[in-house]
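Novice: everything below, folded, please.
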Amino acid sequence: MNLNLYGHHGKWLMVDCGVSFDEPLLPEYRGGKVGSHRHAVVAPDPSFISEQRQTLCGLVITHGHEDHVGAVPYLWQRFRCPVYTTPFTAEILRRKLAQTGLLNKVPIIEVGVEATCQVGPFTLTWMAITHSIPEPSALLIQTKAGTVFHTADWKIDAQPITGTPFDRQAFQALGNESILAMVGDSTNATKPGFSVSERNCYDGLLSTIKPCNGRVVVGCFGSNIARLITLARVAEKTGRYLGLLGRSLVNMYSIARQTNVWPQELSVIDAHHMGYLPPEEVLAVATGSQGEPRAALHRLALDSHPALSLDKGDTVIFSSIVIPGNEDAVERLVARFHGRGISTLQSENSALPIHASGHPCQEELKLMYHWVKPEIAIPVHGENQHLEAHLAIAKSSGVRKGYVGQNGDLYCLAPQAGIRRNVVKTGRIPVRQD
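Specialist: Numbering: from 1, shown residues only. As a prediction, this is how the structure comes out:
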């Protein structure tokens, strides 16, 4: 989850407001309550800014993933500030707000992918970047005290499935802008090389699915529109029909169609029709790649899904990684499929690229630092080992100063009288979601 606060001239700007899922924060709290099987989410602790919300001039959502937008319906009433974001993310947010009765109460200001906007004392410039969801944005935050480059989630992808290719010239130009600090994604800072392009993922999935004889089910993250489009093209190429199993997948597909992100030539069938098709014509995409007990893959493993049953000879492909902490749940899920004679393939065990991360690996981080040339590096979005690895990369790339801290730490970037800027106040509170 992400929540960042930038302070200048007595005002604050919030960047992102997300959730994480089923995180064991306290010994007595897990999944709603002791012994409970409720689904729980964990949101940032907003007390620091909610106690002075009159100083909060706006909230910017950089993209539509849950760990960046998911807490807004729970926490916005503590802020009551305008929300700035791009059209695709705005539609995701509207649908979330409708579920909590806040749809017409939250002022959502849509901006272009490369817009410039004045929010209080902050001049904001959205910068198009590549990630695993439409309209991801980095953010340039300019003040009289200095300029911060907030990367949000990103990778270098010359062949993304959605949006435009990564434009390195836009970031090379920042090298001439005297960037005070770069606040950046650390998720893959421990991984060498470059991330896999979504185009390579298409090639890998096509080569993997093409020789399959029975039904094929692909598990992936529900918000990965690029992967859905990839699989729709694979279905077309292999003579299969694509169906979606899971509310989050259906919702994202609907949003993609509404915002003209989904290619009109690619079709998706009603999931309940898949059970009537010959096995070799079925390509289903399902939620639950992390072993979640209520998700579609779990129900398929138990043969309790109302739309589709799998048989011996069918194949389940995990177009995802196993998030640390979910290993046991995924192993149990895989064992259930194997017990019924259903083959499985996980991305970690595949010789071909069947999953592409949306985050930069070490060589991408090095390039970004060489282009932007910030005075200060502030790694965020990762565990301590990722933050430390990120900082080491920054220093090896010529950045002289950097900070690695904990949730809630405040960094003073411009030590001038009366100026306190850049705080990451993200202590965490549980939010129950039935």
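Novice: hang on, isn't P87 packed against T259?
Specialist: Yes. The pair P87 and T259 qualifies as a contact (C-beta atoms under 8 Å) at a distance of 5.8 Å. Placement of C-beta: from N, CA and C, glycine included.
Novice: what's near enough to touch K210?
Specialist: 237-238 (C-beta atoms under 8 Å, 6 or more residues apart in numbering).
Novice: please report phi then psi for it.
Specialist: Backbone dihedrals for K210, given as degrees, to the nearest 10, come out at phi -50, psi -40.
Novice: how close does it sit to T238?
Specialist: Distance from K210 to T238, counting by C-beta to C-beta, to the nearest Å: 5 Å.
Novice: likewise Q346?
Specialist: Between Q346 and T238 the computed distance is 21 Å (C-beta to C-beta).
Novice: could you do H131 as well?
Specialist: Counting by C-beta to C-beta, the gap from H131 to T238 is 27 Å.
Novice: do the same with K401
Specialist: Going from K401 to T238 by C-beta to C-beta gives 52 Å.
Novice: more neighbours: the two, which one.
Specialist: Legend: neighbour count by other C-beta atoms under 10 Å for K401 and T238, higher for T238 (17 against 14).
Novice: so what's that one up against?
Specialist: By C-beta under 8 Å, 6+ apart, the contact list for T238 reads 206, 209-210, 283.
Novice: spatially central residue in this protein, please.
Specialist: H65 (3.9 Å; C-alpha atoms, centre = their mean).
Novice: what about it, distance to T123?
Specialist: Relative to T123, H65 is positioned 26 Å away (criterion: C-beta to C-beta).
Novice: check the secondary structure at N260 for me.
Specialist: State at N260, reduced to three classes by DSSP: H, G, I helix; E, B strand; the rest coil: coil.
Novice: return the distance of it relative to L249.
Specialist: Using C-beta to C-beta, N260 is found at 19 Å from L249.
Novice: same drill for the two, tell me which one is more crowded.
Specialist: Neighbours per residue, other C-beta under 10 Å: of N260 and L249, the larger number sits with L249, 25 against 11.
Novice: that one reaches V285, doesn't it?
Specialist: Yes. Under the criterion of C-beta under 8 Å, L249 is in contact with V285, at a separation of 6.0 Å.
Novice: ok, so of the contacts of T238, who is nearest L367?
Specialist: For those, the closest approach to L367 (C-beta to C-beta) belongs to L206, at 28.9 Å.
Novice: surely that closest one is in a strand?
Specialist: No. With three-state DSSP as the criterion, L206 is located in helix rather than a strand.
Novice: contacting residues for it?
Specialist: With the criterion set at C-beta under 8 Å, 6+ apart, L206 makes contact with 234, 237-238.
Novice: closest to C81 out of those residues?
Specialist: Each of the contacts of L206 was scored against C81 by C-beta to C-beta, and V234 proved nearest at 42.4 Å.
Novice: what about the closest one, neighbour count?
Specialist: The number of residues packed around V234, counting by other C-beta under 10 Å, is 23.
Novice: any idea which element it lies in?
Specialist: Taking DSSP states H and E as the criterion, V234 maps to helix 225-238.
Novice: may I have the very next helix or strand once past that helix as PDB, with CA atoms only?
Specialist: The helix or strand immediately downstream of helix 225-238 is strand 241-245, counting by DSSP H and E. What follows is strand 241-245 as a C-alpha-only set of coordinates in PDB (Å, rounded to 0.1, in the frame of the first residue of the first chain):
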ATOM      1  CA  TYR A 241     -13.000 -18.300 -26.800                       C
ATOM      2  CA  LEU A 242     -12.000 -16.100 -23.900                       C
ATOM      3  CA  GLY A 243     -14.100 -16.000 -20.800                       C
ATOM      4  CA  LEU A 244     -13.500 -14.200 -17.500                       C
ATOM      5  CA  LEU A 245     -14.100 -15.700 -14.000                       C
END
